[in-house]
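Asker: I'd like to go over a predicted model; first the sequence, then the structure.
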Amino acid sequence: MTEPTPPVYLRMRGKIDQATERLALRATLIASRIRVIDIAELQREGKKPEEMRTILAVPLTLAHVVVDALRKAG
């Protein structure tokens, strides 16, 4: 059985270097951390799980992650 491949426009060209791989992993971890913080804040605000699903339905963009990283650095 072969693994599914992403559409052509999503495929990487060439190999990923270690720095890019670390950056991608870091962005993924930051995005996950932001979501955990979002959920904790929504719980403090008394939101019900159904309301949280609606609020969190919009996925984080790279811009969200970068802005959060810049705030923490600055």
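Answerer: Structure's in. What do you need?

Asker: Give the other helices and strands that the helix or strand of the chain with the lowest mean pLDDT contacts.
Answerer: One helix or strand of the chain scores below all others by mean pLDDT, DSSP states H and E: helix 62-73, with a mean of 73. Judged by 3 or more C-beta pairs under 8 Å, 6 or more residues apart in numbering; DSSP states H and E, the packing partners of helix 62-73 are helix 18-44. Using the backbone N, CA and C atoms, a C-beta is placed for each residue, glycine as well.

Asker: who's in contact with the following helix or strand past the helix it packs on?
Answerer: Downstream of helix 18-44, the first helix or strand assigned by DSSP states H and E is helix 49-55. By C-beta atoms under 8 Å, 6 or more residues apart in numbering, the surrounding residues in contact with helix 49-55 are 38, 39, 42, 43, 47.

Asker: how close does residue 65 sit to residue 49?
Answerer: Counting by C-beta to C-beta, to the nearest Å, the gap between residue 65 and residue 49 amounts to 25 Å.
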